[in-house]
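> Here is the input, now give the coordinates:
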Amino acid sequence: MKNAMIWITMAAAAGLMACGHKVERRDPGPPVTVRVSEAAPRLMPAGETYTGSVKSRRAVTISTKMMGRVLRLHVEEGQSVRKGQPLVDVDAAEAQSAYEQAQAGLRAAEVAAANARRDLERFTSLRAEKAVTEHQLEQVKAGAAAAEAQKAQAEANLKMAGTLLSYGRITAPSDGIITRRWLDSGNLAYPGAPLLTLEDPSDLEIGVAVPEERSRLLAPDQAADVRVDGFPQPFRGTLTSVVPAADPMSRTSSVKVAVPPGTSLRPGQFARVRFDALAEKVLAVPEEALLTQGQMDGVFVVEQGLARLRWIQTGQREGGFVQVLSGLSAGERVIAPVPAGLQDGTPVEVAP
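This next block holds a predicted model:
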């Protein structure tokens, strides 16, 4: 009983001491001068990014005009070539035989024509001496004319045979880059069947498949932001065409974006495109107003002369601004930039 009374007495004394102690309140100090910016709707690029491939606007599909086995391919995919450079050798044994036959035919025709010209000269002299009749001379003239015609025909045959023989070696029709090899050596080539694809790297575009409902907002001469893998800087491209008919399988429309000259891109590179016409107005604040702690983003809002920390959900960032998805309303004033050491509840004074 005695011990219980002692504990009660000590507790009462402690209570009296606590009641008599004055709690010190920290002086918040003078207000911090800050600059503010209003959270406001801002036009920002659409969040969706569409993928496409860089390709040449001038692409040539190279094929052979004769049937034959591919003897050799002189180029590889990605290789640059010059006009007239050998690309493919096709077996032209039959064309070679036909060319040799045409050469022999021309030689025979030339001999026959030469003999006919000598006969004509001789018969012309004999006719002047009245040693032959006019009818005989006319027959010799006809024979000489026929020999000359046969010679001309033989020359045309040789020219055609030479053209066919030339099909055995295919050369580059222009400068460019080989972007695809359709066949390897040893395969049989058919007239019109593709062997190689040659593209001009000086005139490029990007082909993009865009969903049908979004493509309706696009039109030629609009601008787009383009990023290409392996290319250090994004660039601005211009839409050149929008095919209104959608692919029935994928429900997408084909959109083409011109690549400005001097970008050093190559056909086949992978590109990501964002279209200006798909931009939307979103609530945004300056990026310098953002306070990041771990994976959380916040801003300081000015409320009744105090800086109040507000955690927000952010979206895309563009041009020094960040999209606010939630946690903030339009018109609220946020502190930007955030002074060092600013704490929640700090008195602030907005700079004029």
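
> I'd like the distance from the helix or strand that residue 324 is a member of to the chain centre, please.
Counting by DSSP states H and E, the element that carries residue 324 is strand 321-326. Distance of strand 321-326 from its chain centroid, counting by Cα atoms, centre = their mean, to the nearest Å, is 31 Å.

> for the record, mean pLDDT for that strand?
Averaging pLDDT along strand 321-326 yields 93.

> How about stretch 132-144?
The pLDDT scores in stretch 132-144 average 91.

> Ok, stretch 263-280 next?
87.

> Same check on stretch 216-235?
Stretch 216-235 carries an average pLDDT of 88.

> Show me which residues of that stretch are buried.
218, 222, 224-226, 228, 231 (16 or more other Cβ atoms under 10 Å). The C-beta positions use only the backbone N, C-alpha and C, and glycine is treated the same way.

> Farthest-apart pair in those residues, please.
Farthest-apart pair in the buried residues of stretch 216-235 is 218 and 231; separation 23.0 Å (Cβ to Cβ).

> ok so, going back, adding distance to residue 242 and secondary structure, write the buried residues of stretch 216-235 out as CSV.
As requested, those are arranged in CSV below (distance: Cβ to Cβ, whole Å; DSSP: H, G, I helix; E, B strand; the rest coil):
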residue, distance to residue 242, secondary structure
218, 5, coil
222, 9, coil
224, 12, strand
225, 17, strand
226, 16, strand
228, 21, strand
231, 24, coil
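
> Out of those, which is nearest to residue 241?
Closest approach between these and residue 241, by Cβ to Cβ: residue 218, at 9.8 Å.

> quick one, what contacts the nearest residue to that closest one once chain neighbours are set aside?
Counting by Cβ to Cβ, 6 or more residues apart in numbering, residue 242 is the residue found nearest to residue 218 once chain neighbours are left out, at 4.9 Å. By Cβ atoms under 8 Å, 6 or more residues apart in numbering, the contact list for residue 242 reads 215, 218-220, 253-256.

> which ones among the residues you listed are found in helices?
residue 215 (DSSP state H).

> Distance to residue 33 added to the contacts of residue 242, as TSV?
Output for the contacts of residue 242, formatted as TSV (distance: Cβ to Cβ, whole Å):
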residue	distance to residue 33
215	51
218	47
219	49
220	51
253	54
254	56
255	50
256	53
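
> Farthest pair within the contacts of residue 242?
It's 219 and 254 that sit farthest apart of the contacts of residue 242, by Cβ to Cβ, at 13.9 Å.

> so what's residue 331 up against?
Taking Cβ under 8 Å, 6+ apart, one finds 38-40 in contact with residue 331.
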